[in-house]
Each structure stands twice: as structure tokens, then as C-alpha cells.
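Colleague: 3D model of this:
(one chain, ligands or ions: 1)
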Amino acid sequence: MNNIIPNLSVALLHDDMLDKQGKVVTTSLTLLDVHDIARSARTFGLQSFFIAHSLSTMRTLASVLHSHWQVGYGATYNPNRKEALSIVQVVAKLQDAEQELLQRFGAPPKLIATSARPGAARTSFADMRTILRQQPAAPFLLMLGTGWGMSEPLLNRADYFLEPIHGVADFNHLSVRSACAIMLDRLMSS
Ligand code: SAM
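Modeller: Model (predicted):
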């Protein structure tokens, strides 16, 4: 079963996030996240990397960066980066990413939530690996948060909630791009 490539995509989310005080907010786009998550997603054979943002200014920023490396000067300057960014899609909301996967694969994606915080009813990485390989045609969408992480209503939309990544210390609050790379290695590597 190890040579099966799961049908996984990833969504970097900015709406319905928590801030330091626990208030539900919209966070800013971090361009470094776009570059680094695109490289991880491309390396681990993901279908798409969705960047979701409700603000048109932030979507424009993501689109300008994307087209610079896809068709602008950047495309010839660094073809490697062009290839990594080729799977990026900028959308206004999570539902747009779900709709796109529904149209492409004929079924809505199963949502997989992530967080650094522990909690009940979490799916282990080992179990998620198996689930992904048992349904290789079915689309799955890994949800990544920003700020202080996803709010409760957003987390409640998910079909699965992955266990947190733990290191060896009593601190596990990774950058979203580092967390994504570790998750993809655990879920997708053969
Ligand atoms: N305390 C927030 C939380 O637990 O969600 C940290 C937010 S972190 C800056 C942004 C995102 O990175 C999280 O929403 C999650 O997707 C991911 N993340 C960061 N550290 C993680 C960990 N140790 N385990 C799982 N996901 C993690």
C-alpha cells in the first residue's frame, strides 16, 4: 500500500482564526508561507495548495507573487520555484477550495484539521496515513491555520482532527510552514 499516492491538497487559511486574546480575526498573508508550503506540497505530490483569504488586497498580493514566478521574470530566473508554485490556487474562502475539488474529483473533499494543541478525538498520523491510502481516489484537504490557530466553528467543520506534532521539549508551536512539511512527510512519504 506504500506506493499509493493519496489524493491530498492543502489549504492555508486566514479567516476565522484566533488572535492572542482568543478573539476571532482575519490574519495577514505571509509570503514566506506561500513559497515554503508550495515547495513542500509539490515535493510530496499534493494536488493543490489553496491560499484562502477573504480580503481582495491579500488575494491580489498572493496573485502578484504567483504570476511573477509563473509568467513574469521569475519564471525564467528560477524555473524550480516556478514549478513549486504551479500548484498554488488563490481563493476567497475554504468553501471555494472545496467546490474546486468537488468539480475536479466528483466528490467533496474530506477536511483534516490541525492544531498544536492537544485534545480529545484526534486521529493519529499513522491512522490518517492508512485512511488516505484506503481511498486513493477520494479528495482530502489538509487545513492549516495562522495567527493563534483555527477557531472552534472552523475546527468543527473538519471530518478528522490530526494529533499535534510533538518534539521532545514542552514547546510545540511550530511555524505553519514547518508544521506542514513535517505533516506531509508523515502522511505522504513512501
Ligand atoms: N497555537 C496555535 C495552534 O495550536 O493552532 C498555533 C498556530 S500556528 C502559528 C499556525 C498553524 O500551524 C496551526 O493552525 C497548525 O495548522 C500548524 N501547527 C503549528 N504547530 C503545530 C503542531 N505542533 N502540531 C500541529 N500543527 C501545528
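
Colleague: contacts for the top helix by length along the chain, please.
Modeller: Counting residues, the longest helix found in the chain (DSSP state H) is helix 56-70. Helix 56-70 is contacted by residues 14, 28-29, 31, 34, 51, 53, 74-75, 78, 81-82, 85-86, 88, 90-92 when judged by Cβ atoms under 8 Å, 6 or more residues apart in numbering. Backbone N, C-alpha and C define where each C-beta goes, glycine included.

Colleague: please repeat the previous calculation with a cut-off of 10 Å.
Modeller: 12, 14, 26-29, 31, 33-35, 38, 51-53, 55, 72, 74-75, 77-86, 88-92 (Cβ atoms under 10 Å, 6 or more residues apart in numbering).

Colleague: out of the residues you listed, who's near the ligand?
Modeller: The subset of these within reach of the ligand, by Cβ under 6 Å from any ligand atom, is empty.

Colleague: near the ligand, which residues of this protein are found?
Modeller: Counting by Cβ under 6 Å from any ligand atom, the chain sits next to the ligand at 114-117, 144-146, 148-150, 164-165, 172-174, 176, 179.

Colleague: restricted to helices, list those residues.
Modeller: 176, 179.

Colleague: hmm, back to that, among the contacts of helix 56-70, which lie within strands?
Modeller: 12, 51, 52, 88, 89, 90, 91 (DSSP state E).
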